[in-house]
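[1] Test case, fold it:
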Amino acid sequence: MARLSTILSAVLAAWLCCVAVCQRAGTNRDNLILTNAGIKVPFGRSVFLDPARDLRIRVVPGDRCIVTVLQNDPLSQRPGRLMPNSFPCDFGQNEVQYSHFGARSPSRDHIRLQLRYDSQTETIIVPFVIEVEVQFIQLEIVTRNLPLNVPNVMGTSGPIDRGVIQFTYDRGNEVCKVTVLSSNGGRGLPRYGVIENNINGSMIDCDQFLQANIRYRHTSKTNSPNRDYIPMVAELTDTEGNLLKREYFQVMVRVREGEDNTAPQPSFASMFILEVNQFVMTAITPDILAAEDLETDADELIFNITGQLGFNEGEIVSTDDRNLPLSSFYQRDIRDLKIAYKPPAIDSNQQRIFQVEFEVVDAEGLTSDPFNLMIVVNPMNTLAPVVTRNTGQLLYEGQSRPLLSSLNLEISDEDNLRDVRVSPIAGLRHGELLIRGQRRKFFTVAELDAGVVVYSHDGSDTYSDNIIFRMTDGESDVEFLFPIYIIPTDDEPPILNANTGLTINKGQTVEISAYVLSATDIDSDDSSIKFTLETPYSSQGEVVLRQFEVPEDVENWRFLDDQGLYEKTVTMWTQEDLYEGRVYYRHIGAHSTSVVMDSIDFRVSDNNDPPNLSRVYSFIVKIMPVDDIAPTLYDGATLAMTVDEFELTAFKKKFLRYTDLDSDDRDLKYTIILSPFDVDEEIDGGQIVLFE
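    Numbering: from 1, shown residues only. From the prediction side, this is the model:
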């Protein structure tokens, strides 16, 4: 029996091993993504991706697989956003969420992602797209949302009140809060005006918001469309603070004297013809491809590729990552020499002509008519100088590194290599090229071989600094793009992108949301940013963390029975705490009859080792007085007086006087709750009368 058991165990182990090997052997880029059904999101709301229904990825046990949201497509994630930016392929329920921000257009979205699969023998990279469909289902909290009218250009609207917005909820069992989103959270809205009497990003009671006299003021001095949008978010919680619903929405602003938004147009100053040499990656420059628009800033215009190049016709790439597919890009990327054409790798002795179809998209989503960029690929001149290696230069921020024939830039010439001269003709916005330590107009191949051609970065926070070179042997000229990749060093502290302060009543405890206070860091994950209070700490208020979950160090927290949550006073918190709604300010100062301004001083730091520390910032809290202390007896008042029988006797201050911290003593009102009486019920106690 024991022998049989051993044999069965061996057979089972062999079978499992065979299954694992077969699974691993069958893993390839074509069968990793098992299901990609897309996302259906209700208008203005959020949905979690279902790992079984929406996106299912095959992962063999023991292998690593990560999905990253690509940020290289300006037309991706315009109406909403997928969070987090990176997540495991075997993600679980309620871990990956898409939020729609309440815009009526566009009604569809596409999210470009990249899957990286690491097995024990290979790494597979698979770019893919998730399609998003917006379902226009009526909002449940915001049941009225009418346009806000501005009578004239540079004018001011009426207030956002109950005639504009209506919130519907159970006022007995639910709490409704709302805020205007900041420019970051609001995707750059409003574009052409500002919000007056704003509540500084704080989530406040919905009814209070509609009485706050919040208005829109048009400020654009340039041509602006007759419409703008105010992005907002409303939340419903139960009486214990648990989130029930969240809805994003936008209030339309109509500027009556504004003009209709005009479509962008390709610039007539551009040639729309790109002539390249075979095998040479060539930058698309503003004189080749450009667009213009009356309303949208030129750098913010987007070129959308509507007709891609065909097979063996080359490709349009971004030098930020030449391996990622490119379908759209900003006009500023052209100015920064980041967009290039990479010819096909197939040799030809004939001139070839290809076409790429584009449209231009403005900030409002309006598009131009389609137009073509003609690309002329000339056959290689066998006697002209040729770039045989062009991998670009990779260096850290502020570094200097040589261009080397053996490493990143190799040039050959059939007949006169010694005569070849290479000159930078464009680029170098964030650094300089030095030859033997000196600035020169050109360098030779011999100097390139010797490693004396050095690129030196200026230390700015940039990711690229591409160069267009022209090389000539005296008879033929060839231009090519040489990419410079900058790896940022974490040498800068985070910077604040929201610090609006709070306005609260005396004794209140109010959430400090990410709309009120937040920071960003070019080199670190924003969620890890730390906020640390500076000494001396405020005597007027304190910062506390609150959460419903039982904390790990529960002995350092206090439990609030009436609210069912844990709380502790802190001097440090993270941006993730702000995102999660755990940070609160509580007023603890003494009673005051006037407005008190509290200043909470703090620094912001990142997760570098050692951390980069910001300068001291101040978070300002305006504390409104509350008349919540009753009048008190004035010192020396006897509350007793002696009167003569049948005589009229006046009350004097020494007998009856009260004082109050918030009111003038003259304004205090005395109410008679029991008429005068004598302990002997048969005797009249008299009357209190008014006399002159």
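[2] Which parts of this structure are helices?
    Along the chain, counting by DSSP state H, helices occupy 2-25, 206-210, 331-335, 445-450, 575-579.
[3] which stretch in those helices is the model least sure about?
    Looking at the helices of the chain, the lowest mean pLDDT belongs to helix 2-25 (a mean of 41).
[4] Bridged to the nearest residue to V510 once chain neighbours are set aside, which residues?
    Among residues not flanking V510 along the chain, I504 sits closest, at 4.9 Å (Cβ to Cβ, 6 or more residues apart in numbering). Using the backbone N, CA and C atoms, a C-beta is placed for each residue, glycine as well. Per DSSP bridges, the residues bridged to I504 are I623.
[5] what's the answer for V276, then?
    Beta-bridge pairing of V276 under DSSP bridges involves V377.
[6] which ones are touching it?
    V276 makes contact with 282, 341, 343, 375-378, according to Cβ atoms under 8 Å, 6 or more residues apart in numbering.
[7] same deal with D347?
    Neighbours of D347 in contact, by Cβ under 8 Å, 6+ apart: 278, 380.
[8] how far away is it from G314?
    As judged by Cβ to Cβ, to the nearest Å, D347 and G314 stand 13 Å apart.
[9] Check R586 too.
    Separation of R586 from G314 (Cβ to Cβ): 63 Å.
[10] ditto for R439
    Noted for R439: a distance of 34 Å to G314, by Cβ to Cβ.
[11] who's more crowded, these two?
    More crowded of R439 and G314, by other Cβ atoms under 10 Å: G314, with 21 against 8.
[12] I'd say the more buried one and S348 touch.
    No. Using Cβ atoms under 8 Å, G314 makes no contact with S348, being 11.7 Å away.
[13] shared neighbours of the two, which are they?
    Shared contacts of G314 and S348, defined by Cβ under 8 Å, 6+ apart, are found at V377.
[14] Pretty sure V570 sits against P551.
    No. Counting by Cβ under 8 Å, V570 stays clear of P551, with 11.8 Å between them.
[15] between the two, who's got more neighbours?
    Per other Cβ under 10 Å, whichever of V570 and P551 has more neighbours is V570, with 18 against 13.
[16] Bridge partners for that one, pull those for me.
    Beta-bridge partners of V570, as defined by DSSP bridges: V543.
[17] ok, now which ones touch it?
    Going by Cβ under 8 Å, 6+ apart, V570 touches 543-545.
[18] same question, G310
    Neighbour list for G310: F354 [criterion: Cβ under 8 Å, 6+ apart].
[19] Let's see that with 7 Å instead.
    G310 sits next to no residue when contact means Cβ atoms under 7 Å, 6 or more residues apart in numbering.
[20] cool, and D90?
    With contact set as Cβ under 7 Å, 6+ apart, D90 has these partners: V59.
[21] thought Y330 was touching P74?
    Yes. Using Cβ atoms under 7 Å, Y330 is in contact with P74, at 5.5 Å.
[22] Can you find the helix or strand of the chain with the lowest average pLDDT?
    Lowest by mean pLDDT, DSSP states H and E among the helices and strands of the chain is helix 2-25, with a mean of 41.
[23] number of nearby residues for V253?
    Quick note: V253 (other Cβ under 10 Å) scores 23 neighbours.
[24] How much space separates it from R582?
    To R582, V253 is 34 Å away according to Cβ to Cβ.
[25] and what of P190?
    Distance from P190 to R582, by Cβ to Cβ: 30 Å.
[26] Could you pull out the residues contacting both of Y330 and P74?
    With Cβ under 7 Å, 6+ apart, Y330 and P74 have common neighbours I302.
[27] Report the residue spans of the chain with pLDDT below the cut-off.
    Flagging of the chain using pLDDT under 70 yields the residue ranges 1-29, 182-187, 199-201, 222-223, 323-325, 522-525, 681-682.
[28] Apart from its chain neighbours, what residue comes closest to N381?
    Distance criterion Cβ to Cβ, 6+ apart; nearest residue to N381, sequence neighbours excluded, is S476 at 5.5 Å.
[29] Distance-wise, check that neighbour relative to L448.
    Relative to L448, S476 is positioned 18 Å away (Cβ to Cβ).
[30] likewise I600?
    I600 sits 57 Å away from L448, going by Cβ to Cβ.
[31] correct me, but D320 touches S464?
    Yes. If you go by Cβ under 7 Å, D320 and S464 touch, sitting 6.3 Å apart.
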